[in-house]
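> how does the following fold in three dimensions:
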Amino acid sequence: MSTQEQLTDAVADGAPFVAITFLWIIIIAVVYGLFVFTWPDIPEAEPWIFLGVYIIPLVGFIGHVLQQALKLGRV
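Coordinates of the predicted model:
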């Protein structure tokens, strides 16, 4: 198998992952943007609430990205 064929296969295998990742980033940005801009003006709202809303899905997203990157590396 030539280098060009290997490169083509790698790009073909990685393209769906990149597309899904990009789409996921857009969706999360829209959802969190709505969360931030529709946040009620409550004095009791602590910064940790914002942190909890952003950090928990971010950890899952990073885990998924790493899992897929490692999976692509084994192919």
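> what about Leu23, neighbour count?
Residue crowding around Leu23 was assessed by other Cβ atoms under 10 Å; the count is 10. Placement of C-beta: from N, CA and C, glycine included.
> grab the longest helix from the chain for me.
What stands out as the longest helix in the chain, according to DSSP state H, is helix 3-37.
> for the helix or strand of the chain with the lowest mean pLDDT, buried residues please.
In the chain, the helix or strand scored least confidently by mean pLDDT, DSSP states H and E is helix 47-74, which has a mean of 76. The neighbour-count check on helix 47-74 (16 or more other Cβ atoms under 10 Å) flags Gln68 as buried.
> counting by contacts, list what that helix packs against.
Here helix 47-74 touches helix 3-37, going by 3 or more Cβ pairs under 8 Å, 6 or more residues apart in numbering; DSSP states H and E.
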